[in-house]
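Engineer: Just the structure for this:
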Amino acid sequence: MKKEIRLRYLAYSLKTTHIKLNLTFLNKLLKDASKSNTPNRDKKFVQRIGCSVNKNKKSSMTIYGWIKGYRTVPMDKLIKIVKLSSYSWEEVEINLISIKAGIRSGEIKPNFPIKIDKKLGSIVGHILGDGSIEKRFHSVFYSNSNIELLKEFNKYMEEIFGIKARIWVQKKKLFHEKSQWLMKVDNLNKVPKNHSVGLFYPKICCDILYTICGKFAEGKNKIITSQIKKSNKEFKIGFVRAFFDDEGSIRVDNYCARLHQDNRDMLNDFKYILKELDVNSHIVRTYIKKDKLRYYFNISGFKEYRNFYKVIGCTSPKKKKNFELLIDKVQNSKYFKKKYAL
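Structural biologist: Numbering: from 1, shown residues only. As a prediction, this is how the structure comes out:
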């Protein structure tokens with residue numbers, strides 16, 4: 001996986017997306033590519049980029065719409081235009097106003113270059129934890145009742161994709177009951193206490209995440225893709241940290257940290273990533289919760305959970321407190337001081 005992602009890299013995988021560019025720049029780009037002051041009337045140029053000419057008006061109404069700013073440019077057309085011009089993708093990137101999955105709404109303005117770092121890793125980790133990518137429309141979703149985790153996800157999505165979430169508050173429910181939405185709010189600070197919240201983002205966010213990380217989540221199907229496995233250390237730290245905040249626990253009484261999941265293969269992949277980060281863990285075991293088979297593995301031994309806390313850490317205040325309690329308990333114990341030569 002690259003260290004950073006630019007628009008040029010995404011373009012060929014996002015050919016059905018629509019782009020909005022600075023109008024002055026777009027007009028210069030079209031004139032340069034067509035070698036004409038009226039690109040919408042240049043039949044040869046119109047045909048080369050795959051548009052059609054209105055015979056009555058002797059003009060491409062599609063290109064005319066781009067020039068006037070009431071139509072967005074499909075990515076597959078933009079690729080052809082840039083190839084015919086003397087402009088670079090970097091210049092296109094600088095003049096990007098927004099990008100969306102199709103002709104409808106759901107615009108975002110990614111902050112290029114997109115860095116493959118802890119923040120992006122955190123987004124992917126949270127989606128594999130308490131989030132999802134909707135199977136039919138591919139909207140990105142994250143749900144939690146922990147306000148710190150919600151704010152973290154919301155902040156990183158806004159910093160990377162330039163979009164604020166649609167925020168819906170859930171009605172309080174029992175474990176087995178279906179989720180029902182209580183109300184929409186415009187700020188996480190307005191969420192009533194002890195309520196779960198859903199953060200929603202448009203399809204284009206999913207399209208970009210898939211291009212960078214592979215199809216790691218779709219509906220109930222979640223995997224750790226080869227792209228994630230090959231990512232850099234910073235990405236993996238953010239990735240594991242977010243997933244642990246959603247699916248992990250600290251067992252102070254049992255002297256261990258624990259990672260839970262319904263997917264055994266995913267846990268085994270997490271064990272491998274943890275080993276790369278110098279944290280060893282035990283074999284995956286099973287337990288029953290609410291008549292459902294679940295999987296988990298423990299991280300025990302002072303060196304292992306101390307390394308986890310120092311290198312990876314967590315955002316959840318409760319988990320952070322329990323980590324510190326566990327570490328202090330061991331460090332202040334005569335038995336463990338002798339056992340671990342502290």
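
Engineer: where do the strands sit along the stretch 101-250 of the chain?
Structural biologist: Ranges of strands within the stretch 101-250 of the chain are 114-115, 131-133, 140-144, 166-170, 181-185, 197-201, 217-218, 221-222, 248-251, based on DSSP state E, counting those that start in this stretch.

Engineer: Least reliable of the ones you listed by average pLDDT, please.
Structural biologist: Out of the strands of the stretch 101-250 of the chain, strand 181-185 stands lowest, with a mean of 92 (criterion: mean pLDDT).

Engineer: before we move on, the earlier item: please name whichever of the strands of the stretch 101-250 of the chain is nearest to residue 87.
Structural biologist: Across the strands of the stretch 101-250 of the chain, the minimum distance to residue 87, taken as CB to CB, is reached by strand 114-115, at 21.1 Å. Backbone N, C-alpha and C define where each C-beta goes, glycine included.

Engineer: Within the sheet, what are the partner strands of that closest one, with directions?
Structural biologist: Strands that pair with strand 114-115, judged by DSSP bridges, come out as strand 4-5 (antiparallel).

Engineer: CA-only coordinates of the helix or strand following the partner strand in CSV, if you can.
Structural biologist: Once the chain leaves strand 4-5, the next helix or strand it forms, by DSSP states H and E, is helix 7-11. C-alpha atoms of helix 7-11 as CSV (Å, rounded to 0.1, in the frame of the first residue of the first chain):
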residue,chain,number,x,y,z
LEU,A,7,-6.6,11.8,-7.1
ARG,A,8,-4.6,10.4,-10.0
TYR,A,9,-4.4,7.0,-8.3
LEU,A,10,-8.1,6.9,-7.5
ALA,A,11,-9.3,8.2,-10.9
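
Engineer: Going by neighbour count, which residues of helix 7-11 are buried?
Structural biologist: Across helix 7-11, burial judged by 16 or more other CB atoms under 10 Å covers 7, 9, 10, 11.

Engineer: Please report the distance of residue 18 from residue 152.
Structural biologist: Using CB to CB, to the nearest Å, residue 18 is found at 30 Å from residue 152.

Engineer: Include distance to residue 96 when you put the strands of the stretch 101-250 of the chain into TSV, please.
Structural biologist: Shown next, in TSV, are the strands of the stretch 101-250 of the chain (distance: least, CB to CB, whole Å):
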stretch	distance to residue 96
strand 114-115	12
strand 131-133	24
strand 140-144	20
strand 166-170	23
strand 181-185	29
strand 197-201	18
strand 217-218	26
strand 221-222	31
strand 248-251	38
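
Engineer: May I see the domains of this protein written out as residue ranges?
Structural biologist: 18-100, 114-223, 241-339 (automatic domain parsing).

Engineer: Between the ones you listed, which one is closest to residue 229.
Structural biologist: Of the domains of the chain, nearest to residue 229 by CB to CB is domain 241-339, at 7.1 Å.

Engineer: From the chain's centroid, how far away is that closest one?
Structural biologist: Relative to its parent chain, domain 241-339 has a centroid offset of 24 Å by CA atoms, centre = their mean, to the nearest Å.

Engineer: right, so of the strands of the stretch 101-250 of the chain, which gets closest to residue 292?
Structural biologist: strand 221-222 (16.0 Å).

Engineer: Which strands and helices lie in contact with the closest one?
Structural biologist: If contacts are counted by 3 or more CB pairs under 8 Å, 6 or more residues apart in numbering; DSSP states H and E, strand 221-222 sits against no helix or strand.

Engineer: Out of the buried residues of helix 7-11, which is nearest to residue 205?
Structural biologist: When the buried residues of helix 7-11 are ranked by distance to residue 205 (CB to CB), residue 10 comes first, at 12.2 Å.
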